[in-house]
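K.L.:
Attaching a predicted model along with its sequence, questions to come.
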Amino acid sequence: MELAPPRGTLDLLPPEGSRMRALYDRAAEVARRYGYRYVETPGFEATELFSATSGQTSDVVSKEMYSFVDRGDRAVTLRPEGTAPVMRAYLHRRQQLPTPFKTYYLTRMYRYARPQSGRLREHRQFGVEVFDVADPTADVEVMVVGDVFLRLLGLSRYEIRLNSIGDGTCRPAYRELLLAFLEANRDRLRDEHRDRFADNPLRVLDCKDQACRAVAADAPTMLDHLCDACREHFEAVTAGLAEEGLAPVITPTLVRGLDYYTRTAFEFVSPGSRSSRALCSGAVGTTGSPRSSEARPCRGSASGWGSSGSRSRSGTRGSTRPRSPGSTRSWWGSAQGGGTRPGR
Ligand SMILES: [Zn+2]
Ligand SMILES: [Zn+2]
């Protein structure tokens with residue numbers, strides 16, 4: 001009988017268990033202070049919920065979903081991210097719910113990462129969501145909540161990266177422009193993007209590969225091709241952040257891996273780590289459910305912990321207490337597990 005927990009999971013025994021409990025409490029306190037109400041959704045969902053909302057080209061769908069066929073021959077997937085399930089639940093019962101709907105979750109997420117990646121297959125995530133309001137102040141608020149939460153944890157040395165990824169009005173034309181640029185620069189690409197970028201050219205922009213990054217640095221930016229409405233929205237977000245004392249770094253290569261996001265994309269990144277892992281990230285979407293024909297605005301941000309690099313150099317594993325930002329790799333993963341919700 002094997003006593004160690006399954007690969008990619010952790011037992012949280014004392015004192016780690018108490019520390020995790022305290023983290024949950026602090027996250028809940030911040031969320032409630034800003035008017036977000038707690039929600040829980042099932043630990044598993046029909047696989048199509050995630051495959052439809054994530055788009056067939058996202059990394060989550062193509063490589064990392066923890067999916068299986070149950071005894072009733074249904075394709076199910078352990079929850080890999082929070083937005084799609086919360087949106088599904090909201091759409092299912094929205095007649096009984098207030099609009100806009102502000103909610104938060106504190107729960108476990110599952111990604112079937114390759115074992116050698118050192119990433120956990122089960123990790124914890126704190127996320128906030130705002131549905132059915134398109135106002136830029138909602139974008140600002142989810143970022144403020146992320147900032148307050150990280151500061152409560154004693155983190156302060158991080159930067160906020162911000163971009164706009166446009167919408168249905170301006171992104172299609174930009175996408176064509178980017179495709180033409182990538183086609184002309186195909187010889188400079190080295191990884192899988194050399195043969196395959198047409199299905200999701202935006203992914204080349206935030207690819208970690210050196211060659212891709214060099215090409216991305218020269219590529220046309222979405223920010224230069226926003227329609228008037230998106231431009232106005234972006235300016236309102238940056239102005240709102242400035243009012244809150246937040247100074248984001250405009251990052252044209254920051255895109256979200258999930259296709260349903262529009263406009264604001266952001267990440268809180270610790271500069272301490274070479275891989276600049278995101279502490280918290282988020283974006284704004286327009287649809288959250290594949291079954292819904294309506295486009296509904298949603299925005300959210302999420303922070304995950306214990307999701308990545310769970311072995312620190314000293315050899316301790318799966319600690320749950322935040323340390324200085326320089327060592328946050330041991331503690332934090334990006335919201336998508338690689339980004340929350342809504343990034344990567
Ligand atoms: Zn690449
Ligand atoms: Zn636009």
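P.N.:
Received it, and whenever you're ready, just let me know what you need. Because the structure is a prediction, the values reported are computed rather than measured. Ligands and ions are numbered 1, 2, ... in the order given.

K.L.:
Quick one: name the residues of the chain near ligand 1.
P.N.:
Taking Cβ under 5 Å from the ion as the contact definition, the chain meets ligand 1 at 191, 193, 207, 209, 212. Backbone N, C-alpha and C define where each C-beta goes, glycine included.

K.L.:
Tell me the residue of the stretch 1-150 of the chain that sits nearest ligand 2?
P.N.:
Nearest residue of the stretch 1-150 of the chain to ligand 2, counting by Cβ to the ion: residue 134, 12.3 Å away.

K.L.:
OK, contacts around the residue nearest to residue 164 when sequence neighbours are not counted?
P.N.:
Of all residues not flanking residue 164 in the chain, residue 234 sits nearest, at 4.3 Å (Cβ to Cβ, 6 or more residues apart in numbering). Applying Cβ atoms under 8 Å, 6 or more residues apart in numbering to residue 234 gives the contacts 164, 223, 226, 263, 264.

K.L.:
What is the nearest of these to residue 252?
P.N.:
Among these, residue 223 lies closest to residue 252 (Cβ to Cβ), at 5.5 Å.

K.L.:
The closest one and ligand 2, how far apart?
P.N.:
Residue 223 sits at a distance of 11 Å from ligand 2 (criterion: Cβ to the ion, to the nearest Å).

K.L.:
That residue: neighbour count?
P.N.:
For residue 223, the count of nearby residues is 18 (other Cβ atoms under 10 Å).

K.L.:
Would you mind giving the secondary structure of it?
P.N.:
Under DSSP: H, G, I helix; E, B strand; the rest coil, residue 223 falls in the helix class.

K.L.:
thinking it is in contact with residue 251, fair?
P.N.:
No - using Cβ atoms under 8 Å, residue 223 makes no contact with residue 251, being 9.6 Å away.

K.L.:
residue ranges for the helices of this protein, please.
P.N.:
Remark: helices assigned in the chain by DSSP state H are 16-33, 47-54, 59, 83-92, 136-152, 171-184, 202-205, 210-218, 228-243.

K.L.:
For those helices, give me a markdown table that also has distance to ligand 2 and mean pLDDT.
P.N.:
Listed next are the helices of the chain as a markdown table, based on distance: least, Cβ to the ion, whole Å; pLDDT from 0 to 100:
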| stretch | distance to ligand 2 | mean pLDDT |
| --- | --- | --- |
| helix 16-33 | 30 | 91 |
| helix 47-54 | 21 | 79 |
| helix 59 | 25 | 60 |
| helix 83-92 | 21 | 88 |
| helix 136-152 | 13 | 89 |
| helix 171-184 | 7 | 95 |
| helix 202-205 | 14 | 90 |
| helix 210-218 | 21 | 95 |
| helix 228-243 | 3 | 96 |
